[in-house]
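Enquirer: Predicted structure and sequence below. I'll ask about it afterward.
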Amino acid sequence: MELKELVTRFIWLIPAAPLAGFIINGLWGRRFSKNFVTLIGCLGPFIALLVSIAGFRALSMIAPAERADGIVYTLYNWISAGSLHVDIQFIIDPLSSIMLLVVTGVGFLIHLYSIGYMGHDKGYSRYFAFLNLFMFAMLILVLANNLLMMFIGWEGVGLCSYLLIGFWFEDNEKASAGKKAFIVNRIGDFGFILAIFLIFTSCGTLTFSGISEQAKTLAPGVLTAIAILLFVGATGKSAQIPLYVWLPDAMAGPTPVSALIHAATMVTAGVYMVGRMSAIYVNSPEALIIVSIIGGLTALYAATIGLVQNDIKKVLAYSTISQLGYMFLGMGVMAFSAGIFHLVTHAFFKALLFLCAGSVIHAMSGEQDMRKMGGLWRKIPVTFACFVIGAIAIAGVPPFAGFFSKDEILWKTLERYETTHAGLYAVLWVIGLLSALMTAFYMFRLIAMTFFGAPRANEEIMHHVHESPFSMTSVLVTLAILSLIGGFIGVPHLLGGHNWIEGYLEPVWAHPESAGAVTTEAANHSMEIINIIVSVLAGLAGILGALLIYTKFTALPAKLTESNSGKFVHRIVYNKYYIDEIYNALVIQPIKYLSALLWLIFDMAIIDGGLVDLSATLIAVFSQLSRRIQNGIVNNYAMLIFIGAILMLCFFVAQMAA
Amino acid sequence: MNGFDFASIMAISPEIALLLTAIAVITADICIGKAGRKCCTAGAACKPEETASSTEISSIVMPFICMTGIAISWYFMYNLWNLHAVNGAKYFSNAIVVDKFGLIAGFVVTVAAFLTALSSTGYAKRMKIDFGEYYGLIMLASAGMMFLIKGNNLIMLFLGIELTSLSVYALTAISKHREESTEAAMKYFILGAFSSAILLFGMAFMYGATGSIEFGQMNAVPTNRFLYFIGIGMMLLGLAFKIGAVPFHMWAPDAYQAAPSAISSFMAVGVKTASFAALLRLLFTSLIHTSHMWYQVPWMLAVLTVLLGNLTAISQTNIKRMLAYSSIAHTGYILIGVTACMGVGYSTGLTAPMSSILFYLAVYALMNIGAFAITMHLGREDKDFDEISGYAGLAHKKPLLALAMAIFMFSLAGIPPMGGFMAKFYIFRSAIQNGYIWLAIIGIIGSIISVYYYLRIVVLMYMKPAQTEEQFESDQSQWGLHFTLFATAAGLLILGLLPGDFVQYAIVAVKELL
Amino acid sequence: MTDTIFMVFAVMSIASAIAVVTWRNPVHCVLALIASFAGVAGLFYLLSAPFIAVMQIIIYAGAIIVLFLFVIMLLNLKKNEMGGDAPVQDRLFTVFLCVITVIILSIPVVATFTGTFYDQYKKTFPKPDANLGITETIGQEIFSAHALAFELISILIIAALIGAIYLAKKRQRG
């Protein structure tokens, strides 16, 4: 049988295998031995990975022109109510195949890592069940061929994220972090739902291919509204301004969860969705500008906060937000391939960084504050080496993965400089460059504080510091290799590559009606070279700066923060610009008061007092009355039937006359 | 085709399978009973264990014969479904029609019978019921329902109703040692005979008015509209009794409460499904063209049934009685669907309400069987577990059972993502589409009221402490019930989450009828 | 002539039916019921349905009435065991309902056979075949067109038998 047919027939296995794992471990996990739980938990993602690889292989055997149609498999006619017709339909096209490989690949690795990391947790089987459920939901999201199915996956990953952030729910703070994530995401989802309704009413269909066809015909206003509402959904899920506030708190969950859900996969769902909806976006320049501005601002903003955080996971969390901003910047300048490329490389190196951080935390007996670390590199050399590789990758130093993707986004932004809104794109480019610099800086600040210098932890903890078991380090090494070579799928033409990923993804994207002004080849080349040099320099400058300041001139940061103006700025940035407090004062408190007021007026007085009690009493009275009729005497029953019959017949007699 | 040729026999092969199963069960009962008695009459050899073991054997064997028979009839139904030439074809001088509508309704009925037999494996023995008559009558009743669904003239309609009803009257009284059982059966019988007489009277008028008893032949403009309307009125009344519409519902609470739970659910599901199928077939082959003149009658019936059913259910303390009123209320919802088909005449407007009724009947079957099975599961000795207050604290002792019960209650109340929600959604939507907005609103009010008494049980199970320690200990092997509960709960979730294909089947089936 | 005979049978069936529900002695009631059935049988005969007329006599007046008598004799209820009279207002209400029913049911009959409708009706409605009600025609119909119904009736009787015997017999298993 041909590979394509085989894959078509077995696409359903990709989500079904983790689902089976969830069901088995969820229902009977507590009765199984730990090894069996592990086996079941890892088998599902592994099967999904194998099928995904087969799907990728099958897809690349199809002629590039036909790839956009993808491999489609209809599992079930899900809803047919009037004009709404939705199938449970899976699609593997270039976009979803890349995403599938990332989700199942990184997902599987993180499952393996979790074996060691979560080995002593009493909720071991519950953890694997949730992780599998997450894989299921994420894969549904990725494989979906219509918006409604994607929304189901979207909500599913949100639910799993909530469950896993609050995994240690005994801890009140962690449970409330889960709630915060859930509520903030609801706001985004509200936008997403509205967008779905709007698309359905204006396009009459929810399948992606149908939407792409209809998109051009829609009124510009509707199109922009849809695009912005979708983007509101994306800002929630992918932690962009203004809905990013949940992601730093989400670090309360186990570290592998942070790596999988809050760095590599789920948070990139918004980027993926914008890519899927490229047909909507390319036809709405206004929405594109908004996306790129929000993306750029988030990249810069989160990077500044990352500079001063002391919790190792918080630094990585803000770094994630910042990198997601980068991806949206790429999407916003219609460099969809570059955005997805960055998504892929980011999945590799950010998962690596998180898992390394997990390994550090593991070694430090649960300590997350970098001020209490230091001098660890001799004790945990593998983790250290891997972390450095990840950090170089994210800093954008060639030939590591991050360089190629980040450079691509910056270049595409700069390229737009030639078109309209030149000033805007120039500013965005500078912002991107600045955040690249800061990224390099805070990553190496982290390395310096954690691995170099004198140990700041107490004797006992330092005594216990040990390298993680092989099951964890092997995953680290694998991801490190991926971070090292992952960028080669997108080497730009300028550097002698042929940018495979761009060509591979190209058929998926929609193209704007009027292509932008084509600049001359030569100007492009020189600009591109300048771009590369500047961005590499920025990365190197950040690295060197951080290493110098935090290893040689250790007094400098303290001096800076204690100077008058420095103190002020530091306090604001350290407290994340007081955004949580501002939201609290401006949004949460007023809503609380308003709801208390409404509760008093409507709930207590009108609804409870008036409607509920009154109707309840009335109903109870009627209920008793009608119960009285049913008195068990058969004559009465017959009489009632008789009366009913007479009334009915009277009606018919009346109709005869008509 | 008129005679008993092969095609005609195949057309009623599912029914034949059921009837032969009934005979097989009764014969098997006699054989096993004889074996048991023989050891008793042998004097010294009479050991209580041996009698017990013969009871034990037959308590397993009998339901298995039934289930095998039903499985065979499913096979025949499947064959008929696939025979495209057969669909809509009529046999036995147009007395029987084979179409997808009938096959789907018949499938629902036989699933109900199958689950009844399955859940009775341990139950019948515990309730001290004689197996031969019990399972034999269940099979006869199912065969009656199948004929009722397939019947294509008034005679078949009447005979189907009578075969079903007579078997069910006897089944209501099947646990003879309980006095209230016999009493309720007697009431049911008297009132049933009363309504059958009215139905038959109506049929006679109908024949007088139109000159035909065959469905599809009566739809010409009536020669005598006086007789015609009285005929319609009386026939509606007779059928309204069978489906338990207010004010002809009085038999239902008494009968449901007094009968063993397995039979209550079989009655509630099977009789109702078959009667509704027959009603729909009668309406849409023969009466629809005048329905704009009398749609007010089902309208009124629907309103009364929804409101009275739900209101009375609130004040019940016995769960079987509560479920009886709830099943009356559900009749009301289905009647809303029936009304939604009327007054619009022949048009595409009929497909949606009719297919939603079919879908509703399937969902209704699962949730009722499930809920009654819980009362069977928890019962001890020869009683069902039917005090509502007894359910307090169930979730702490038997979490899975409580979960299943919660699924049934949520589904009955029509809360997503259960099947009950989709079913109600389709019904109300079709009512609104066809212009019966007020009817839909009343239906929704009714189902809001119903949330109260369904969720009361959930609240009791999950939020109240148990009354006594050993309250939920049950004392017999329950695998049949476990399977029933699992199948119904899973089915409800599937119908709720993935209704698309099933609705498509219903639409295909209904389109054939129109 | 036919009209006179019709009147006799009609009055006989109605009057004795009223007697059935008003007389106090059960045996008398049963006898009145026989008279009522006989009147109905006569009406059937006049409608050229001799087979049904005979069946009416054999089954109802013969078998069923005898069964009634047996039951009454076996129960042998004393007067005070039969239950008292219902209150007057209940009885009046029942009478009222009966009268309404009679009126309702007679409306279509009266309407059919009077006025302009009757003239049209006579034209369109075919005269019944004289042979329709005779035994031969019914026999042929039952065993050809309605063969399935005939078979189904036998199954119906089996079901009724099983049910009745089950309820009547003593319990075997404990």
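Expert: In hand now; what should we look at?

Enquirer: which ones are touching residue 157?
Expert: Chain wasn't specified; assuming chain A. The neighbourhood of residue A:157, defined by Cβ atoms under 8 Å, 6 or more residues apart in numbering or on different chains, consists of A:134, A:137, A:138, A:141, A:237, A:261, A:265, A:266, A:269. (Glycine included, C-beta is placed from N, CA and C.)

Enquirer: For the stretch 501-650 of chain A, what lies in contact range of chain C?
Expert: A:639, A:642, A:643, A:645, A:646, A:649, A:650 (Cβ under 8 Å from any Cβ of the partner chain).

Enquirer: mind putting the residues you listed in JSON lines, pLDDT, distance to residue B:335 and neighbour count included?
Expert: Shown next, in JSON lines, are these (pLDDT from 0 to 100; distance: Cβ to Cβ, whole Å; neighbours: other Cβ atoms under 10 Å in any protein chain shown):
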{"residue": "A:639", "pLDDT": "83", "distance to residue B:335": "23", "neighbour count": "16"}
{"residue": "A:642", "pLDDT": "86", "distance to residue B:335": "21", "neighbour count": "18"}
{"residue": "A:643", "pLDDT": "87", "distance to residue B:335": "19", "neighbour count": "14"}
{"residue": "A:645", "pLDDT": "88", "distance to residue B:335": "17", "neighbour count": "25"}
{"residue": "A:646", "pLDDT": "88", "distance to residue B:335": "20", "neighbour count": "16"}
{"residue": "A:649", "pLDDT": "87", "distance to residue B:335": "19", "neighbour count": "24"}
{"residue": "A:650", "pLDDT": "87", "distance to residue B:335": "20", "neighbour count": "15"}
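
Enquirer: Which ones among the residues you listed map onto helices?
Expert: Counted as lying in helices by DSSP state H, out of those, are A:639, A:642, A:643, A:645, A:646, A:649, A:650.

Enquirer: Distance to chain B added to those, as TSV?
Expert: Listed next are these as TSV, based on distance: Cβ to the nearest Cβ, whole Å:
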residue	distance to chain B
A:639	10
A:642	9
A:643	7
A:645	5
A:646	10
A:649	5
A:650	9
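
Enquirer: Among these, which one sits closest to residue B:15?
Expert: residue A:645 (31.9 Å; Cβ to Cβ).

Enquirer: Remind me which helix or strand the closest residue to the closest one other than its chain neighbours belongs to.
Expert: Using Cβ to Cβ, 6 or more residues apart in numbering or on different chains and skipping residues adjacent in sequence, the residue nearest residue A:645 is residue B:237, 5.3 Å away. Under the criterion of DSSP states H and E, residue B:237 resides in helix B:225-243.

Enquirer: just checking, what packs against that helix?
Expert: Helix B:225-243 sits against helix A:634-657, helix B:154-172, helix B:179-210, helix B:272-282, helix B:296-314, helix B:319-340, helix C:88-112, with contacts defined as 3 or more Cβ pairs under 8 Å, 6 or more residues apart in numbering or on different chains; DSSP states H and E.

Enquirer: redo that, cut-off 6 Å
Expert: Packed against helix B:225-243 by the contact rule (3 or more Cβ pairs under 6 Å, 6 or more residues apart in numbering or on different chains; DSSP states H and E) you find helix A:634-657, helix B:179-210, helix B:272-282, helix C:88-112.

Enquirer: any idea which of those helices is most buried?
Expert: Mean neighbour count (mean count of other Cβ atoms under 10 Å in any protein chain shown) peaks for helix B:272-282 among the helices and strands packed on helix B:225-243, with a mean of 26.

Enquirer: Give me the mean pLDDT for that one.
Expert: Taken as a whole, helix B:272-282 has an average pLDDT of 93.

Enquirer: quick one, it and helix B:225-243 angle?
Expert: 160 degrees (axes from the mean of the first three to the mean of the last three Cα atoms, to 10 degrees).

Enquirer: Which is the succeeding secondary structure element to the lowest-mean-pLDDT helix or strand in chain B?
Expert: Lowest mean confidence among the helices and strands of chain B (mean pLDDT, DSSP states H and E): helix B:13-41, at a mean of 81. As assigned by DSSP H and E, the chain's next helix or strand after helix B:13-41 is helix B:48-82.

Enquirer: near chain B, anything from stretch A:619-630?
Expert: Yes: applying Cβ under 6 Å from any Cβ of the partner chain, one finds stretch A:619-630 touching chain B at A:622, A:623, A:624, A:626, A:627.

Enquirer: Could you export the contacts of residue A:157 as JSON lines, including pLDDT and neighbour count?
Expert: Shown next, in JSON lines, are those (pLDDT from 0 to 100; neighbours: other Cβ atoms under 10 Å in any protein chain shown):
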{"residue": "A:134", "pLDDT": "93", "neighbour count": "26"}
{"residue": "A:137", "pLDDT": "94", "neighbour count": "26"}
{"residue": "A:138", "pLDDT": "94", "neighbour count": "29"}
{"residue": "A:141", "pLDDT": "93", "neighbour count": "28"}
{"residue": "A:237", "pLDDT": "90", "neighbour count": "27"}
{"residue": "A:261", "pLDDT": "86", "neighbour count": "25"}
{"residue": "A:265", "pLDDT": "88", "neighbour count": "28"}
{"residue": "A:266", "pLDDT": "89", "neighbour count": "28"}
{"residue": "A:269", "pLDDT": "92", "neighbour count": "25"}
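
Enquirer: Most widely separated two among the residues you listed?
Expert: A:134 and A:237 (13.5 Å).

Enquirer: what about the helix holding residue B:237, average pLDDT?
Expert: For helix B:225-243, mean pLDDT rounds to 89.

Enquirer: what about the strands in chain A?
Expert: A:71-81, A:84-92 (DSSP state E).

Enquirer: What is the distance between the last one and the centre of its chain?
Expert: Read it as strand A:84-92. Counting by Cα atoms, centre = their mean, to the nearest Å, strand A:84-92 is centred 22 Å from the centre of its parent chain.

Enquirer: Residues contacting it, please?
Expert: A:11, A:55, A:59, A:70-79, A:143, A:145-146, A:148 (Cβ atoms under 6 Å, 6 or more residues apart in numbering or on different chains).

Enquirer: redo that, cut-off 7 Å
Expert: Here strand A:84-92 makes contact (Cβ atoms under 7 Å, 6 or more residues apart in numbering or on different chains) with A:11-12, A:55, A:59, A:70-79, A:100, A:143, A:145-146, A:148-149, A:206.

Enquirer: For ChimeraX, write a command that selects the buried ones of those residues.
Expert: Paste this into ChimeraX to select the buried members of these, with burial taken from 16 or more other Cβ atoms under 10 Å in any protein chain shown:
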select /A:11,12,55,59,70,71,72,73,77,78,79,100,143,145,146,148,149,206
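
Enquirer: so which of the contacts of strand A:84-92 are also by chain B?
Expert: Contacts with chain B within those, counted by Cβ under 7 Å from any Cβ of the partner chain: A:76, A:77, A:78, A:79.

Enquirer: Distance to residue B:247 and pLDDT for the residues you listed - can I get that in JSON lines?
Expert: Shown next, in JSON lines, are these (distance: Cβ to Cβ, whole Å; pLDDT from 0 to 100):
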{"residue": "A:76", "distance to residue B:247": "43", "pLDDT": "77"}
{"residue": "A:77", "distance to residue B:247": "41", "pLDDT": "77"}
{"residue": "A:78", "distance to residue B:247": "41", "pLDDT": "76"}
{"residue": "A:79", "distance to residue B:247": "38", "pLDDT": "73"}
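
Enquirer: and chain C, which residues reach chain B?
Expert: Contacts of chain C with chain B, taken as Cβ under 7 Å from any Cβ, map to C:107-108, C:111-112, C:121, C:124-125, C:144-149, C:152-153, C:155-156, C:159-160, C:162-163, C:166-167, C:171-173.

Enquirer: No more questions from me, cheers.
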